[in-house]
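>>> Got a predicted structure plus its sequence, pasted below:
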Amino acid sequence: MPEAAAALREVVGWHGGWALAVVLAAIALAFAAPGAPWTTWIALVAGLAPAGIAAMLLKQDNAERRLLVLASWAAAAVLAGGLTGGIVGPLAVWCAAPLAVAAVLGGGRPLAAGASLSLGAFALVGLAQAVGWIAPVPPRAASFDLGLLGVSTTCVGLAAALVMLRRRLNQRNDAHGAVNADLHALLLRQPHLILVLDHAGRVSAAYGSPPPGVDPDRLFAGGLAALVDDDRRDDLASTLASAQQEGEGALHFQRAGGDGGWLDLELRRLDGSRLIGTLSDATAGRRREAVLETAKVDAEALNFGKSRFLANMSHELRTPLNAIMGFSDIMRQKIFGSLPGKYVEYADLIHDAGSHLLDLINDVLDMSKIEAARYELSLDRLDAREPVQAALRLMRLQADEVGIQLRGALPSQPLEADADGRALKQITLNLISNALKFTPRGGLVTVTLRASAGMLDLSVADSGVGISATDLQRLGRPFEQAGDVSQQAKGTGLGLSLVRAFAELHGGEMNIESQLGEGTAVTVRLPVLVVEPEEAPIKSEVPAPTPAEGAQVIAFPPQR
C-alpha cells in the first residue's frame with residue numbers, strides 16, 4: 001500500500017540520518033582528538049552498524065525483521081556503552097536508541113519491545129560496569145565529542161521519531177475521518193430510514209429517507225409509538241420485546257391516522273439494550289411484489305398455453321404424417337407393381353424421414369402433455385421385464401447397423417410392478433438410443449434390470465465417449481444436448497428430459513454417472529415393485545460396466 005511504502009521510506013531515512021551523524025562525529029573526533037583510544041573507534045562502528053543492518057532487513061518489512069532491528073540497536077548500545085566507560089560514559093545515552101527506533105517503526109508491539117530493550121541495555125551496561133567488564137572513560141577531549149554525539153543523536157532521533165509518529169497518527173485519523181464521512185453520507189442517502197432505538201422504542205438517531213407521511217421530528221419526540229394507533233401498541237411492544245430477547249423482530253402496520261399508508265419495521269439487537277431498525281414504505285414494496293407476481297402468472301399462463309396447444313395438435317400432426325409413411329411403405333413394398341429404381345430409393349428416403357419426424361413429434365407432444373399436466377399414467381400390474389425386452393428387440397437392429405453390441409441383463413424371475421408399461425418401454429428406448437449415439441463402433445451397451453431395496457432399478461451403461469462436467473449440469477432439461485454438433489443433430493434434446501419426467505411421474509428419480517473417455521451409466525429408480533423377489537439372478541453374457549473411480553455424478557431427484 002502507498003501508506004506502508006511511505007512509512008518504510010521514513011524509517012530508512014531516519015537510519016540514514018543517524019549514520020550520517022555518526023560519520024561526521026568520527027571525522028570531527030579524528031581532528032579534535034587524534035590520540036583517542038581504539039575502543040572509541042570500535043564504539044563508533046558499533047553505533048553505525050545497526051543503520052546498515054536495518055537497511056538490509058527492512059527491504060522486506062515484517063514483525064520478525066523489525067524485532068531483529070531493535071535487537072541490533074540494543075546490542076550496539078551495550079557494546080558502545082561498555083567501550084566508553086559504562087553508565088557514566090559519554091555513549092551510555094545510546095541505550096535509549098531502541099526506544100527511538102521503535103517510535104519510528106510505529107505500532108504498539110514495537111514500542112513495547114523498544115522500551116524493554118532500552119531498559120535491558122541500561123541494565124547490562126550497569127552490570128558490566130559493576131563487575132569491571134568495561135573499558136575506561138576516553139580522554140577529556142574525546143569524551144566531550146562523544147558525549148555531544150550521543151546526546152544530540154539520541155535527542156534528535158527521539159524528536160524526529162515523535163514527529164513521524166504524530167504525523168502518521170494524523171494521517172490515520174484523517175483517513176478514518178474520510179471513511180466515516182463516506183459512511184455517514186451513504187447512511188443519509190440510502191432509501192430506507194435507519195433508526196437507533198432504546199428498549200422502549202425511543203429514537204436516539206435516524207439516518208436516511210423517511211417513508212412518505214413519516215415526520216422525523218415526531219419520531220424523535222414520541223418514538224415509534226407515535227406511528228401506530230392505540231390498538232397496535234401491544235403489537236409494537238411485543239416486537240420490541242422480541243428484538244431484545246431473540247435478537248430480531250418485525251412488524252407490518254398501518255400508519256397512525258388510518259390514511260392507508262402501510263409501513264414495515266424490522267429490528268435487530270445492537271448492543272446492551274439498544275436496537276437498530278429499518279422503517280420502509282410497505283405500500284411501494286407490496287405494489288412491486290404484485291407487479292412481479294402478475295408478470296409471473298402471465299408467463300406461466302403463456303407457457304401453459306403453449307404446452308396445451310402442442311398437446312392438442314397430436315391428431316392434426318400425426319394424421320398426415322401417418323398417411324405419408326403408409327403410402328411410402330406401399331411404394332417400397334411394390335404392392336401395386338414395380339417402380340423404377342430411383343423411385344424406390346426416394347420412397348425409402350421418404351419413409352425414413354417420416355419415421356424420424358414422427359419420433360420427434362411424439363417426443364415433443366409427450367413433453368408438452370407433461371408440462372401441461374395432461375399426461376396421465378396408465379398403471380397396470382405387469383412383469384417389468386416385458387417392456388424392457390420389447391425395447392431391446394426394437395433397438396437390436398439399430399445397434400447392429402452401427403456396429404455396437406447391445407446386451408440385456410434381466411432377472412430370470414418375473415418382477416411384478418404397478419407401472420405404465422408404455423412409459424417404461426419409452427424410458428428404455430430413449431436411454432438405449434442415447435447410449436448408441438455416444439458409443440463408437442465396436443462398443444458395448446448393456447441394459448440391466450433388477451430389484452434393489454424395494455425399488456425397481458433400470459440401468460443403461462455404455463462404453464462410449466462419456467459426458468463432460470459442463471454438459472452433465474445441463475442434461476435432463478428439455479432441449480439440452482451434449483456432445484459435438486454431429487451428435488446433437490441426431491436428436492432434439494428431449495430424450496433424457498422425458499426419461500426424467502416419466503420417472504418422476506412414477507415417484508422415482510434418474511441418476512447419471514459419466515467420465516470422459518470411460519463411458520456413461522444412466523439409472524432410473526422407480527418405487528413400483530409389488531413384491532421384491534427373494535432371489536432374482538441376472539443372466540447376461542457380458543456384465544454391465546461400472547462407472548470408473550472419480551466419475552462425475554449428477555442426480556435428478558423427484559420434484560414433488
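Cool, the structure landed. Residues are numbered from 1 along each chain as shown.
>>> C-alpha from now on. contacts and neighbour counts both.
OK.
>>> Domain map for this protein?
2-181, 193-285, 313-371, 380-556 (automatic domain parsing).
>>> Rebuild these as JSON lines, extending it with distance to A301 and mean neighbour count.
As requested, those are exported to JSON lines (distance: least, Cα to Cα, whole Å; neighbours: other Cα atoms under 10 Å):
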{"stretch": "domain 2-181", "distance to A301": "50", "mean neighbour count": "18"}
{"stretch": "domain 193-285", "distance to A301": "24", "mean neighbour count": "17"}
{"stretch": "domain 313-371", "distance to A301": "12", "mean neighbour count": "15"}
{"stretch": "domain 380-556", "distance to A301": "19", "mean neighbour count": "19"}
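>>> Can I get those domains in a markdown table including mean pLDDT?
Formatted as a markdown table, the domains of the chain follow (pLDDT from 0 to 100):
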| stretch | mean pLDDT |
| --- | --- |
| domain 2-181 | 80 |
| domain 193-285 | 83 |
| domain 313-371 | 74 |
| domain 380-556 | 76 |
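>>> Quick one: these as TSV, columns for distance to A295 too.
As requested, these are exported to TSV (distance: least, Cα to Cα, whole Å):
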stretch	distance to A295
domain 2-181	41
domain 193-285	15
domain 313-371	19
domain 380-556	23
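>>> tell me which element the nearest residue to L267 once chain neighbours are set aside falls in.
Spatially, and ignoring its direct neighbours in sequence, L267 is nearest to G277 (4.2 Å; Cα to Cα, 6 or more residues apart in numbering). Per DSSP states H and E, G277 falls inside strand 274-281.
>>> how about V531, secondary structure?
coil (DSSP: H, G, I helix; E, B strand; the rest coil).
>>> thinking it is in contact with D418, fair?
No. Applying Cα atoms under 8 Å as the test, V531 and D418 come out as separate, 10.3 Å apart.
>>> what sits against A241?
Going by Cα atoms under 8 Å, 6 or more residues apart in numbering, A241 touches H199.
>>> Assign a three-state SS to it, would you?
helix.
>>> I'd like the distance between it and A55.
According to Cα to Cα, to the nearest Å, A241 and A55 sit 61 Å apart.
>>> same deal with G16?
9 Å.
>>> Could you double-check that S204 lies in contact with I194?
No. Counting by Cα under 8 Å, S204 does not reach I194; the two are 11.0 Å apart.
>>> where exactly do the helices run in the stretch 251-400 of the chain?
Applying DSSP state H, counting those that start in this stretch to the stretch 251-400 of the chain gives helices spanning 282-312, 314-333, 341-371, 385-401.
>>> need the next SSE after the shortest one, C-terminal direction.
Remark: after helix 385-401, the chain's next helix or strand is strand 405-411, criterion DSSP H and E.
>>> longest helix in the protein, by residue count?
Longest helix in the chain, counting residues (DSSP state H): helix 140-189.
>>> returning to what we had before: select, out of the helices of the stretch 251-400 of the chain, the one closest to A256.
helix 282-312 (14.2 Å; Cα to Cα).
>>> if we can go back for a sec, the helices of the stretch 251-400 of the chain into JSON lines, with extra columns for distance to A77?
Output for those, formatted as JSON lines (distance: least, Cα to Cα, whole Å):
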{"stretch": "helix 282-312", "distance to A77": "72"}
{"stretch": "helix 314-333", "distance to A77": "99"}
{"stretch": "helix 341-371", "distance to A77": "87"}
{"stretch": "helix 385-401", "distance to A77": "92"}
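>>> who wins for proximity to A453 among these?
Among those, the nearest to A453 by Cα to Cα is helix 385-401 (17.7 Å).
>>> between that closest one and strand 405-411, how big is the angle?
170 degrees (axes from the mean of the first three to the mean of the last three Cα atoms, to 10 degrees).
>>> Helix 385-401 - contacts with which helices or strands?
strand 405-411, helix 421-437 (3 or more Cα pairs under 8 Å, 6 or more residues apart in numbering; DSSP states H and E).
>>> How far off centre is the first one?
This points to strand 405-411. The chain centre lies 44 Å from the centre of strand 405-411; the measure is Cα atoms, centre = their mean, to the nearest Å.
>>> after that strand, next one along is what?
strand 416-419.
>>> what packs against that next one?
Judged by 3+ Cα pairs under 8 Å, 6+ apart, the packing partners of strand 416-419 are strand 380-383.
>>> right, and the domains of the chain - which one's nearest F304?
domain 313-371 (7.2 Å).
>>> Checking G249 next. Helix, strand or coil?
strand.
>>> Give me the phi and psi for H192.
Main-chain torsions, H192, degrees, to the nearest 10: phi -110, psi 170.
>>> so how far is E345 from it?
75 Å.
>>> same question, A96
107 Å.
>>> Next: L529.
48 Å.
>>> Could you do A391 as well?
Taking Cα to Cα, one finds A391 at 28 Å from E345.
>>> my read: P90 touches T84, true?
Yes. With contact defined as Cα under 8 Å, P90 and T84 form a contacting pair (6.6 Å).
>>> anything in contact with each of the two?
V137.
>>> what ranges do the strands span in the stretch 451-560 of the chain?
455-462, 509-515, 519-526, 538-539, 552-556 (DSSP state E, counting those that start in this stretch).
>>> Quick one: those strands as TSV, columns for distance to D174 too.
Below are those laid out as TSV (distance: least, Cα to Cα, whole Å):
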stretch	distance to D174
strand 455-462	68
strand 509-515	58
strand 519-526	63
strand 538-539	80
strand 552-556	54
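>>> For G249, find the nearest of these.
Taking Cα to Cα, strand 552-556 is the member of the strands of the stretch 451-560 of the chain nearest to G249, at 37.9 Å.
>>> Skipping adjacent residues, who's closest to A503 in space?
In this structure, A503 finds its nearest non-sequential neighbour in E509, 5.4 Å apart by Cα to Cα, 6+ apart.
>>> so what's the closest residue in space to G147 that isn't next to it in sequence up against?
Closest residue to G147 apart from its sequence neighbours, by Cα to Cα, 6+ apart: P90 at 4.1 Å. Residues near P90 by Cα under 8 Å, 6+ apart: G81, T84, V137, S143, F144, L146, G147, L148, G150.
>>> Wait, the first one touches W94, no?
Just to be clear, that refers to G81. Yes. G81 is within contact range of W94, at 7.4 Å (criterion: Cα under 8 Å).
>>> distance of the residue nearest to G147 from A74?
16 Å.
>>> try A241
In terms of Cα to Cα, A241 sits 60 Å off from A74.
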